[in-house]
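Asks: I need the structure of the sequence given here:
(chains A and B)
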Amino acid sequence: MELTGAEIFVRCLQDEGVDLLFGYPGGAVLHIYDALYQQDKVRHILVRHEQAATHAADGYARATGRPGCVLVTSGPGATNAVTGIATAYMDSIPMVVFTGQVPTNLIGNDAFQEVDNIGITRPCVKHNFLVKDVRDLAVTIKKAFYVATTGRPGPVVVDIPKDVSAARCEYSYPKKVRMRSYNPTVKGHAGQIKRAVDLMMQARRPMLYTGGGVILDNASQQLTELARQLNFPITNTLMGLGAYPATDRQFVGMLGMHGTYEANMAMHNCDVLIAIGARFDDRVTGNIEKFCPTAKIIHIDVDPASISKNVKVDVPIVGSVGNVLEQLSKQIGAVKTRPDPEALAAWWEQIEEWRGLDCLKYDRDSELVKPQYVLETLYKVTNGDAFVTSDVGQHQMWAAQFYKFDQPRRWINSGGLGTMGFGFPAAMGVQLAYPDETVCCITGEGSIQMCIQELSTCLQYGLPIKIINLNNRYLGMVRQWQEFFYQKRYAMSYMESLPNFVKLAESYGHVGMQIDKPQDVEGALKEAMQLKDRLVFLDFITDQNENVYPMIPAGAGQNEMILI
Amino acid sequence: MRHIISILMENEAGALSRVAGLFSARAYNIESLTVAATEDPSLSRMTIVTSGTDEIIEQIIKQLNKLVDVVRLMDMTDGPHIEREMMMVKVRAEAGQREEFKRLADIFRGRIIDVTESTYVIELTGDSAKLDAFLQAVDTGKIIEVVRSGVSGIARGEKALTI
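Replies: Got it, this is the predicted structure:
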């Protein structure tokens, strides 16, 4: 039987096992929405802005490991989605975004709600497709999911003109798809594995530096086993938190601009650096000229283009992180040599000395609500077991420093693009994926207002997200840089005319609380967590002048941190 | 250093813009770029002339390989290869200069392919350096128009860029 393109679209999603589709209707996707209306396998979540649809799908993907799916209309629907697509692209998140397009005979005519969506999204997608013939629709959708989820994952856009969703053809969904031009390397080269292990066994001051790639490849267990087997110190990037249990002794905290002193000093002084699924981002390396001056570097990544891009490495290994870690483990079992135990003990002694500095200390006796205290208390109240999404700025760094993630896929933030407005819609995606889990969104009064309209979506679908708003009446990270580097000229970093967040939450049918005393923090958080079926907006009036420490200033090396 | 990179890619709408976009987004040099379908109409062959340090060339090759539409790639500069570019030059050729241009074209193994009372069009094929040399040999004031095809390259011997 022949189906319409719209019906084929829906059948493809069903056959692909898609349970949630985040979207917003419009002219070019009306056929598709009509087909969605007549089935109940794929659940559509109506957001209030297309940016939120992409962030929600992204949050869903980060929490579950399954690709997030989005449907938006042509023109402004598609351009609104771009920020979310770019966010997912920078963090390698598997996502398939379907955009409506004007009918094929109008493409290029400046038709109503037409943009060159393939052109606009090209630099921020892993790949994109324009479907010009309904007979190509099913195979293109299959390819989109295949490309999005394999190799180094990423967002894929499929642009569907309106006449294609109306045209008819026979439906069959391919079980497998082969693309001669796309064939990611997943297994590490045996010779390189051997060389890497030889180098690791000669290390006197080894260091494991691991990133989001470990989480994307679900390789936390392999990583944890390897690290424990070797007793090497380990640091995680912002994207990699939770890949190794943060409460474990071998974990020295996050590294980078606002990482711990011990992590950055260990990086700077190590003699063998094992980088796993991390990409030597500038927020990690600091001044590249001063980066790891004494280290031989092993780099494991599924994307060859990530290797030797920023930092020249000695032993590159292209392959999926999980596979390569297993290969390394096997090779370690096969060799007799082990790192010099005395050297390793001395190295640990040195690291403990750095750790003893307690670089994350803050004033615990303050009369004001300290943001760090809110996060420490949140960690305690949620038993360290919540899904935590975050926006971008100071609150993001404090969350990364003070919430100790023992499991992967619990910490969800925009690391690469640094998208304010990400945290709240991402929390919706997580909560929809795990309706019974605690989902907290750490945000600030700046970030939350970038997607605040989603309070409405949360009411519609009953999403009991806990919004932790660290309200310092400043764009805090901007203010911090202005204080340090612009002689305290606080240009446009002050947020005037803030809404009453409590009333705002209430007007959307949610619960609002304002907390301005340290002694009320724990009680408010406990109360909020007990309201299991309600969204609670906790507006913490925090110390306006608090800064994120420690910090590697721009141009400095990892050993040149500003401590409090 | 100058490199000639040849690419086989899916002959699909937008394939060229993916490559061109990559070079501009990552601020890589591009000296010339040529593209045409191959004997297999599903494949296009593109030749890019670029330059950069070894590290940059390594990144260019990796980033090109990462494009989902790229099927195969070869850096011609890695081995013996033949490089050719075609050029047509329209010159002011009036009485007194016509013989001189004819001789110059012969020296460079070029051909005069269009003649009017006052102009010649000279066709030349060779590597880019040879074409540059020809242009230097001609009095600049006599050149009306120059059109160059950009470089194509092919490996010598058994080595070939095919799927």
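Asks: Just the buried positions in stretch B:134-154, please.
Replies: B:Phe134, B:Val138, B:Lys142, B:Arg148, B:Val151, B:Ser152, B:Gly153, B:Ile154 (16 or more other CB atoms under 10 Å in any protein chain shown). The way it works is simple: take the backbone N, C-alpha and C, and place the C-beta from them, glycine included.
Asks: Unless I misread the structure, the last one falls within a strand.
Replies: Yes. The assignment for B:Ile154 is a strand, going by DSSP: H, G, I helix; E, B strand; the rest coil.
Asks: any idea how far the residue nearest to it when sequence neighbours are not counted is from A:Ala57?
Replies: Take B:Ile154 and drop its neighbours on the chain: the residue closest to it by CB to CB, 6 or more residues apart in numbering or on different chains is B:Ile82, 5.4 Å away. B:Ile82 sits 50 Å away from A:Ala57, going by CB to CB, to the nearest Å.
Asks: try A:Val70
Replies: Distance of A:Val70 to A:Ala57, given as CB to CB: 5 Å.
Asks: When those two are compared, which one has more neighbours?
Replies: A direct count of neighbours by other CB atoms under 10 Å in any protein chain shown for A:Val70 and A:Ala57 places A:Ala57 higher, at 36 against 29.
Asks: quick one: the more buried one is in a strand?
Replies: No. A:Ala57 is assigned helix when assessed by three-state DSSP, not a strand.
Asks: tell me the mean pLDDT for the strand or helix carrying A:Ile193?
Replies: A:Ile193 belongs to helix A:190-201 when assigned by DSSP states H and E. The average pLDDT for helix A:190-201 rounds to 98.
Asks: got the contact list for the next helix-or-strand element following that helix?
Replies: Toward the C-terminal end, the helix or strand that comes next after helix A:190-201 (DSSP H and E) is strand A:206-210. The contact list for strand A:206-210 (CB atoms under 8 Å, 6 or more residues apart in numbering or on different chains) reads A:200, A:223, A:227, A:230, A:232-237, A:240, A:243-244, A:255, A:266-267, A:270-278, A:284, A:295, A:339, A:344, A:347.
Asks: now the angle between helix A:190-201 and strand A:206-210, please.
Replies: If you take axes from the mean of the first three to the mean of the last three CA atoms, to 10 degrees, strand A:206-210 sits at 130 degrees to helix A:190-201.
Asks: Run the chain-centre distance for strand A:206-210.
Replies: 21 Å (CA atoms, centre = their mean, to the nearest Å).
Asks: Give me every residue in the stretch 51-200 of chain A lying close to chain B.
Replies: A:Ile118, A:Gly119, A:Arg122, A:Pro123, A:Lys126, A:His127, A:Leu130, A:Val147, A:Met179, A:Arg180, A:Ser181, A:Tyr182 (CB under 8 Å from any CB of the partner chain).
Asks: same thing but at 6 Å, please
Replies: A:Arg122, A:Pro123, A:His127, A:Arg180, A:Ser181, A:Tyr182 (CB under 6 Å from any CB of the partner chain).
Asks: cool, and chain A?
Replies: Close to chain B, as judged by CB under 6 Å from any CB, chain A has residues A:Arg122, A:Pro123, A:His127, A:Arg180, A:Ser181, A:Tyr182, A:Pro304, A:Ala305.
Asks: Need the pLDDT of A:Tyr494.
Replies: Per-residue pLDDT puts A:Tyr494 at 88.
Asks: Run through the neighbouring helices and strands of the helix holding A:Ile193.
Replies: strand A:315-318, helix A:321-334 (3 or more CB pairs under 6 Å, 6 or more residues apart in numbering or on different chains; DSSP states H and E).
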